[in-house]
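Colleague: got a structure for you, letters missing:
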Ligand code: SF4
């Protein structure tokens, strides 16, 4: 239906069973609708005293940021008042998932409040050593779908290419924690040649997603070589990059990088955003630069307990994303990665968030909520149930306000064997739904 078109709520008499005479419109909403009053305050970069003397030129240099990442308990203590849970978490993070935080991302953290969403994503807590029986080393079954090291071929027409194991900041809920951060190396030339050989011989592959680790941590020349050689394979139509760098190291988005990326269109970028507080002036500039390069931008967000699992936070996030020309694309249910149970919410929480978005804000702002099936079944979309019942020749639906509407199914019109123009004979056939 067109936006703005009107339908009357179905009357009691024309509702199909089991609704007739029993249901009230308002009862059809799975979760109560309430006006979201709470606000997410905007955040500003506040340079901790440790970096007060750093020159602007250095601070805005992505290589400086990368070289000066915080990787130890001692450094972290200099900028944050760590809780005992965080101190223990950092001590136990060695050999599990590396600790690394760019000075820029650290400057967004609240040094006092341990519940700061930026801080919770990047600083390990002792809960990480708790392993649940449901967790897996490789929750998405990527390794068993890997014909060549670094390449995951799970869907027929697209592949995932892991070009580096390095990230600017290591997210404590990372699905690929078995791989990232251990060596901070990019794909070797020999390995890449094997990947190319595989792709050339698999003509059904039309889409390559570069991921890792973070592909935007490669130097322009190396990234260009990878993109250029993939683009030269005739059956590869689309190149995509999955990255968190515009959020954790936005200084990396330079004019030079965008000019290089532009040469490889169609190229799309999915950016991993988690919380509206991540959208600072620097991030706005980075995303605008990418969008000005003609690169379609989408967001991917992991649903995280105590960080973004409230509808008003997600609403703020998706609305802010549209303002910087990033189309909200996916909300992921948190995967079953080792030591991440404390981040997981119920699936009902994710459905409730969609319930509070769909119809309540611009359609472009509503992402698809998915569970990536454990073991490698792919993404399964979930949403509130808007189909109330399917009746004889009609269906009954509810809208975002819980009001009920009927939609008549069409009579199917069958065309007999094609005849020369002017002689078509339409044979209507009554079909029961
Ligand atoms: S940026 Fe992505 S790959 Fe890197 S740690 Fe975060 S979730 Fe994992």
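Modeller: On my side now, so go ahead. As the structure is a computational prediction, the values presented were derived from the model and not from experiment.

Colleague: What is the burial count for whatever residue of the stretch 301-433 of the chain ends up closest to the ligand?
Modeller: Distance from the ligand to each residue of the stretch 301-433 of the chain (Cβ to the nearest ligand atom) is smallest for residue 302, at 7.4 Å. Bear in mind the C-beta positions are built from the backbone N, C-alpha and C, glycine included. Burial of residue 302 is recorded as 23 neighbouring residues (other Cβ atoms under 10 Å).

Colleague: in the sheet, who's paired with it?
Modeller: The residues listed as beta-bridge partners of residue 302 by DSSP bridges are residue 332.

Colleague: and the stretch 101-250 of the chain, which residues reach the ligand?
Modeller: Where proximity means Cβ under 6 Å from any ligand atom, the interface of the stretch 101-250 of the chain facing the ligand comprises 167, 170-171, 174, 176, 180, 212-214, 244.

Colleague: wait, residue 359 sits on residue 401?
Modeller: Yes - at 7.2 Å, residue 359 counts as touching residue 401 under the criterion of Cβ atoms under 8 Å.

Colleague: Verify the contact between residue 76 and residue 70 for me.
Modeller: Yes - under the criterion of Cβ under 8 Å, residue 76 lies in contact with residue 70, with a separation of 5.4 Å.

Colleague: between the two, which one's more packed in?
Modeller: Shown here are residue 76 and residue 70; by other Cβ under 10 Å, residue 70 has more neighbours (24 against 21).

Colleague: Looking at the more buried one now. What's its pLDDT?
Modeller: The per-residue pLDDT reported for residue 70 equals 97.

Colleague: same deal with the one 3 residues further on?
Modeller: The pLDDT attached to residue 73 in the predicted structure is 96.

Colleague: Name the nearest residue to it, sequence neighbours excluded.
Modeller: residue 90 (4.7 Å; Cβ to Cβ, 6 or more residues apart in numbering).

Colleague: quick revisit: point out the least confident one among the residues of the stretch 101-250 of the chain next to the ligand.
Modeller: Sorting these by pLDDT puts residue 212 at the bottom of the list (89).

Colleague: and that one, how many neighbours?
Modeller: A count of neighbours around residue 212, defined by other Cβ under 10 Å, yields 26.

Colleague: and if you look at residue 52?
Modeller: For residue 52, the number of neighbouring residues by other Cβ under 10 Å comes to 7.

Colleague: Could you report the distance from it to residue 70?
Modeller: Between residue 52 and residue 70 the computed distance is 16 Å (Cβ to Cβ, to the nearest Å).

Colleague: Let me see the contact set for the residue in the stretch 251-400 of the chain positioned nearest to the ligand.
Modeller: Closest approach between the stretch 251-400 of the chain and the ligand, counting by Cβ to the nearest ligand atom: residue 272, at 5.7 Å. Applying Cβ atoms under 8 Å, 6 or more residues apart in numbering to residue 272 gives the contacts 171, 242-244, 247, 299-302.

Colleague: ranges for the strands of the stretch 301-433 of the chain?
Modeller: In order along the chain, the stretch 301-433 of the chain carries the following strands (DSSP state E, counting those that start in this stretch): 327-332, 368-373, 378-382, 387-391, 394-398, 404-408, 413-415, 426-428.

Colleague: before we move on, what about the stretch 151-300 of the chain?
Modeller: Taking DSSP E, counting those that start in this stretch as the criterion, the stretch 151-300 of the chain carries its strands at 151-155, 158-162, 207-211, 238-243, 267-272, 297-302.

Colleague: Tell me, how many residues neighbour the residue of the stretch 1-150 of the chain found nearest the ligand?
Modeller: Per Cβ to the nearest ligand atom, residue 97 is where the stretch 1-150 of the chain lies closest to the ligand, at 7.5 Å. Neighbour count for residue 97, taken as other Cβ under 10 Å: 24.

Colleague: ok, so what distance separates the nearest residue to it once chain neighbours are set aside from residue 135?
Modeller: Nearest residue to residue 97, sequence neighbours excluded (Cβ to Cβ, 6+ apart): residue 177, at 4.4 Å. As judged by Cβ to Cβ, residue 177 and residue 135 stand 11 Å apart.
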